[in-house]
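1. this is the structure alone, sequence omitted:
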């Protein structure tokens, strides 16, 4: 019985020894990250948008179906001619209704639309950024590990071809051919945004594969797959997280650009669609309360991803 207890304690000590250095590295990394005020600001902004995306009803004063003067559905009456002429209505704080950022031409509250659109932007940004990393990181690892071989040459020539494709026109053509859905927009953005990941990860891998621990793994008989994904990949993941954040910001802006051009899923709530609506209905110079909030929200979300990415780059490359 005593032996069993001793074995348990030994196992616990072994587990602690194995994980304590990793936890210590995480603590040091977080400490360095919090020294960057811009990175902390990015996390705060992204945290607010995340809350909007997860529980929008807690923050939005109304649902997206709310209409000025009439209130929440089911709607039992129609807007009068005078009420229709008053739309889009500037900010109102209880008289004749509550709309802190005013309404659009349909009478929907701008603040509610902005909050409910956060989930769409977060979904597209994170999904496109993750897909970009899932393509670019493995290809960069393989290309760098087999540098100066036909495998590396084939991957790099494919990258060169993809670099020759103009980003936004390619997205427009792809979405127009496959259909205007959120999924197709994410795929289109990911297809064109993994290139920088691949090039940078390849360069890092070319350097890392010459390190002594990689040579030792080869001598020990480790397979190429194990060396790539066990010994090299953990050392390039910090850089890949930087590009994931940057790709997410680019995806948010690209989706808004497509929506502004009319190539978006208009059944979903989106900041880009809000901007397209104000343009198409001709209120750009007349309804600042409709124009500015979605534009500011887009700017802040993209900026938060960039802030996080830049701060992570400084943390993972302190010599810079």
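-> Arrived safely. Bear in mind that the values here come from a model prediction, so they are computed numbers and not experimental data. Numbering: from 1, shown residues only.
2. what about residue 256, helix or strand, and which?
-> helix 233-260 (DSSP states H and E).
3. show me what counts as buried in that helix.
-> Neighbour-count burial for helix 233-260 flags 233, 235-236, 239-260 (criterion: 16 or more other C-beta atoms under 10 Å). Using the backbone N, CA and C atoms, a C-beta is placed for each residue, glycine as well.
4. how big is the angle separating whatever helix or strand comes next after that helix from helix 233-260?
-> Once helix 233-260 ends, the next helix or strand along the chain (criterion: DSSP H and E) is helix 271-280. Counting by axes from the mean of the first three to the mean of the last three C-alpha atoms, to 10 degrees, helix 271-280 points 20 degrees away from the direction of helix 233-260.
5. quick check: mean pLDDT across helix 271-280?
-> The pLDDT scores in helix 271-280 average 89.
6. buried stuff in that helix?
-> 271, 272, 273, 274, 275, 276, 277, 278.
7. helix or strand: which one has the closest residue to the fourth one other than its chain neighbours?
-> Distances taken as C-beta to C-beta, 6 or more residues apart in numbering put residue 294 closest to residue 274, at 4.2 Å, once the chain neighbours are dropped. Applying DSSP H and E as the criterion places residue 294 in helix 288-316.
8. any idea how far residue 237 is from residue 256?
-> Going from residue 256 to residue 237 by C-beta to C-beta, to the nearest Å gives 29 Å.
9. let me redo that: residue 116
-> 34 Å.
10. residue 248 too?
-> From residue 248 to residue 237 the distance is 16 Å (C-beta to C-beta).
11. next: residue 309.
-> Taking C-beta to C-beta, one finds residue 309 at 14 Å from residue 237.
12. between helix 233-260 and the helix holding residue 294, find me the angle.
-> 170 degrees.
13. and helix 288-316, what does it pack onto?
-> helix 2-34, helix 37-54, helix 110-116, helix 118-145, helix 233-260, helix 271-280 (3 or more C-beta pairs under 8 Å, 6 or more residues apart in numbering; DSSP states H and E).
14. contacting residues around residue 125?
-> Each residue near residue 125 by C-beta atoms under 8 Å, 6 or more residues apart in numbering is listed here: 248, 249, 251, 252, 255, 301, 305.
15. so which of the buried residues of helix 271-280 comes closest to residue 209?
-> Using C-beta to C-beta, residue 272 is the member of the buried residues of helix 271-280 that lies nearest residue 209, at 42.4 Å.
16. nearest residue to that closest one in space, please, no chain neighbours.
-> Once flanking residues are discounted, residue 272 sits nearest to residue 259: 2.8 Å by C-beta to C-beta, 6+ apart.
17. how much space between the one you found and residue 241?
-> Distance from residue 259 to residue 241, by C-beta to C-beta: 27 Å.
18. and for residue 260?
-> 29 Å.
19. which pLDDT value goes with residue 47?
-> The model's pLDDT for residue 47 equals 92.
20. I'd say residue 99 and residue 61 touch.
-> Yes: look at residue 99 against residue 61 with C-beta atoms under 8 Å: they come within range, at 7.4 Å.
21. more neighbours, those two?
-> residue 99 (26 against 14; other C-beta atoms under 10 Å).
22. can you pull the contacts of the more buried one?
-> Residue 99 touches 61, 62, 68, 89, 91, 92, 109, 110, 111, counting by C-beta under 8 Å, 6+ apart.
23. how many residues are close by the fifth one?
-> For residue 91, the count of nearby residues is 13 (other C-beta under 10 Å).
24. tell me the contacts of it?
-> 99, 100, 101, 102, 289.
25. kind regards, and thank you for your time.
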